[in-house]
Structures are given as C-alpha cells and as structure tokens.
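Asks: Turn this into a model:
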Amino acid sequence: MRRKITEIRAWDAVPALLVTAVAAVIFFAGAFGESASGSVTVKTDRGETVYSLSEEKTVEIESAGHTLTLEIKDGKADVTSSDCPDKVCVHTSAITKDGGTIVCVPARVIIKAEGGDGGEIDWTAP
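Replies: Numbers count the residues shown, from 1 in each chain. Got it, this is the predicted structure:
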C-alpha cells in the first residue's frame, strides 16, 4: 500500500532556499560586483597619457594653447571645463569603461575610455 505525502515539513524547504540563495548571490555579484576597472587615454599635441578610471582625480590638460579640466570620478571621465570657444567637449556626456570618446578640436585633444576586458564580445544573438 502506497502512502500519500500531503504535509510539508520544515526540512523540505531547505533545498529550495539553498538554490534561491545561490542564485541571488550570483545575480548580485554580476550586477553590483563590477569594478570601475578601465582606463582613459588622453591624446594631445604633447603625447599620450593613460589614467585609471578606478582612481578619482582631476587633471588639467594643456594642448594647442587651450586648457581642459578632466574629472575622473565614480568610474566616469568628464570634461568639466575648457577655455575653447565652442565647448563641445564640455557638453559631451561622461564616458565610462564601456567606451566613448570626447574630442576637443580647437585644443587637439582626444579622450577615449576603454574597459579592462579588452572589448571582447560577451554575447551574440542566435
């Protein structure tokens, strides 16, 4: 004779809780565990300089008779001020390790952000 099990005991929920906890750890590690590892390359008429996006700093960039202020904060790089006439570089959005470029033509400055992963493709559509 077969007996029907209809009641759930406290220990029956343990495997489900463990699976849920492991899934939550994996999700949050992927979503919030990313660091600001990446770099910003600044090319001017004087050469090329690389700064880490993980270190907060403010850099004065002098090139072609103009001065730009580059602020690196919270994994982003942003030109906060410039004495160039059109200020397109100041109005350009901040760039991150995901990529992006800020250009100031009058100052002959190119600021490019790159991630620490080498820009590999991590997913493709089937």
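
Asks: Tell me the secondary structure at Cys89.
Replies: Following DSSP: H, G, I helix; E, B strand; the rest coil, Cys89 is assigned to helix.

Asks: I'd like to know how far it sits from Ala23.
Replies: To Ala23, Cys89 is 44 Å away according to Cβ to Cβ, to the nearest Å. C-beta here means a position set from N, CA and C on the backbone, and glycine is covered the same way.

Asks: Compare those two and say which is more crowded by neighbours.
Replies: Neighbour count, other Cβ atoms under 10 Å: between Cys89 and Ala23, Cys89 has more, with 25 against 10.

Asks: quick one: that one and Val19, what's the gap?
Replies: 50 Å.

Asks: Then Thr49?
Replies: 49 Å.

Asks: For the helix ranked longest in the chain, list every residue counted as buried.
Replies: Counting residues, the longest helix found in the chain (DSSP state H) is helix 14-32. By neighbour count with 16 or more other Cβ atoms under 10 Å, helix 14-32 contains no buried residues.

Asks: Do you have the strands of this protein handy? List them.
Replies: In the chain, the strands defined using DSSP state E lie at 38-44, 47-52, 57-63, 66-73, 76-82, 95-96, 100-104, 109-115.

Asks: Tabulate the ones you listed in a markdown table, adding columns for mean neighbour count and distance to Val14.
Replies: Shown next, in a markdown table, are the strands of the chain (neighbours: other Cβ atoms under 10 Å; distance: least, Cβ to Cβ, whole Å):
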| stretch | mean neighbour count | distance to Val14 |
| --- | --- | --- |
| strand 38-44 | 19 | 41 |
| strand 47-52 | 12 | 44 |
| strand 57-63 | 14 | 49 |
| strand 66-73 | 18 | 45 |
| strand 76-82 | 19 | 43 |
| strand 95-96 | 20 | 41 |
| strand 100-104 | 18 | 47 |
| strand 109-115 | 20 | 40 |
